[in-house]
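S.K.: Fold the following and give me the result.
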Amino acid sequence: MSDPHPARHSERDDKRTFLQKLAELIHPGPDSRAELIETLAEAEDKEVIGPDSRVMLEGVIRMADLTARDVMVAATRMDLLDIDAPFDELLHVVIHTAHSRFPVFQNERENIIGILMAKDLLKLQRAPELNIRALLRPAAFVPETKGLNDLLREFRGNRNHLAIVIDEFGRVAGLITIEDVLEQIVGEIEDEFDIPEDQGDIFALADRTYRVSGDTPVERLAETFGVPLAAFDDTEAQGDNHFDTIGGLIAHEMGHVPRRGEAHRVAGLDFVVLHTRGGAVRWFKVAPAPAEDAAG
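M.R.: Numbering: from 1, shown residues only. Sure, this is the predicted structure:
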């Protein structure tokens, strides 16, 4: 039987006080994302929420406007494994890049046939008779227009942590990981290989490369590697292009703010961007360029 007094019923369910209703009438809620972000800033100023909470909430709001194309690793910077490569070559790529998952291709980079977990290579080492194809996991493909909100939901639902991004013509445009999506909310996520800032700025790694902090003085790096980088630290010689840190120098040489995974060569050294934060490089991976390449 229907309620003969529906209006009274709704009034009874509305537990807001008269003062609350009056306040909402005088100060209505935000009508746009921009106003909502301003409201969060005001809440932080009034110490209703902390700065970290505000940044995360803003990240959630802004993420609604982002697509896979906005945060993906471009196809030219993807680290791939060749299904027909020998085991030693595969192992070298895995150690050098330090990723946990790799797209695997056959014949050409566009032909992605699956995803290989780095840890699964241990099975090949113990049982060389295994076919690497048996270790591959299905690759997930998403359009570059896929919204990050929907993509995060899919990542959680199918437990995939990596997807191949496809452009409107069906070509591989890049790849995106669940970490890339979450970083839009919480900021740069550092992994177990990261080194606390107070432990130094240049570290030798097991594969004979070096991990170098972006704020390492140019002069110190030049002395460590014995390369002619000191000229970039010469204020008189460089004028306005004087750089105190290696991060500033590499950004200038590249002509833009470096992104994770990008590589550049300066003075016989190969620099690969490992981590960025706030528009600056936090860590580089550095190695002397091969002799034949450096000479050329």
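
S.K.: Provide a list of residues in contact with the residue lying closest to residue 54 once chain neighbours are set aside.
M.R.: Distances taken as Cβ to Cβ, 6 or more residues apart in numbering put residue 44 closest to residue 54, at 4.5 Å, once the chain neighbours are dropped. Bear in mind the C-beta positions are built from the backbone N, C-alpha and C, glycine included. Counting by Cβ atoms under 8 Å, 6 or more residues apart in numbering, residue 44 makes contact with 50-51, 53-54.

S.K.: Specify which member of those is nearest to residue 104.
M.R.: Of all those, residue 104 sits closest to residue 53, with 40.3 Å by Cβ to Cβ.

S.K.: Which pLDDT does the model give the closest residue to the closest one other than its chain neighbours?
M.R.: Counting by Cβ to Cβ, 6+ apart, residue 53 lies nearest to residue 44, which is 7.9 Å off, once chain neighbours are set aside. At residue 44, the pLDDT value in this model is 74.

S.K.: Please settle this for me: is residue 44 part of a helix?
M.R.: Yes: under DSSP: H, G, I helix; E, B strand; the rest coil, residue 44 falls within a helix.

S.K.: Begin at 30, not 1, for the rest of this chat.
M.R.: Got it, first residue is 30 now, which makes that one residue 73.

S.K.: hang on, the earlier thing: most neighbours among the contacts of residue 73, which one is it?
M.R.: residue 83 (18 neighbours; other Cβ atoms under 10 Å).

S.K.: Looks to me like that one is in a strand.
M.R.: No: assignment of residue 83 by three-state DSSP gives helix, placing it outside any strand.

S.K.: Quick check: pLDDT value at it.
M.R.: 75.

S.K.: do residue 323 as well
M.R.: 50.

S.K.: now do residue 49
M.R.: The predicted local confidence for residue 49 is 56.

S.K.: same deal with residue 147?
M.R.: 87.

S.K.: Which phi and psi values does it adopt?
M.R.: phi -60, psi -40 (degrees, to the nearest 10).

S.K.: Quick check: it touching residue 123?
M.R.: Yes: assessed by Cβ atoms under 8 Å, residue 147 is found in contact with residue 123 at 4.9 Å.

S.K.: okay if I get the contacts of residue 73 as TSV plus distance to residue 95?
M.R.: Below are the contacts of residue 73 laid out as TSV (distance: Cβ to Cβ, whole Å):
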residue	distance to residue 95
79	24
80	22
82	20
83	19
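
S.K.: which one among these gets closest to residue 257?
M.R.: residue 80 (42.9 Å).

S.K.: got a list of what residue 171 touches?
M.R.: Residue 171 touches 97, 180, 183, 192-195, 205, counting by Cβ under 8 Å, 6+ apart.

S.K.: can you give me the helices in this protein?
M.R.: 35-42, 47-55, 62-74, 80-92, 97-100, 116-126, 150-155, 177-187, 207-215, 247-254, 264-267, 275-283, 320-324 (DSSP state H).

S.K.: Pick the most buried one from those.
M.R.: Mean neighbour count (mean count of other Cβ atoms under 10 Å) peaks for helix 275-283 among the helices of the chain, with a mean of 20.

S.K.: outside of that helix, which residues touch it?
M.R.: Under Cβ under 8 Å, 6+ apart, the answer for helix 275-283 is 241, 243-247, 250, 258, 261, 270, 272, 286-287, 291, 293, 295, 300, 309-310, 313.

S.K.: Now intersect the residues you listed with the strands, please.
M.R.: Cross-referencing the contacts of helix 275-283 against strands under DSSP state E gives 241, 293, 295, 300, 309-310, 313.

S.K.: End to end on stretch 87-106, go ahead and measure it.
M.R.: 29 Å (Cα to Cα, to the nearest Å).

S.K.: and what of stretch 124-143?
M.R.: 20 Å.

S.K.: What residues of it count as buried?
M.R.: Neighbour-count burial for stretch 124-143, with 16 or more other Cβ atoms under 10 Å as criterion, is recorded at 130-134, 141, 143.

S.K.: Mind picking the two most distant members of the contacts of residue 171?
M.R.: For those, and using Cβ to Cβ, no pair is farther apart than 183 and 195, which are 14.3 Å apart.

S.K.: Now do the domain split for this structure, please.
M.R.: 98-215, 226-324 (automatic domain parsing).

S.K.: Nothing else from me, thank you.
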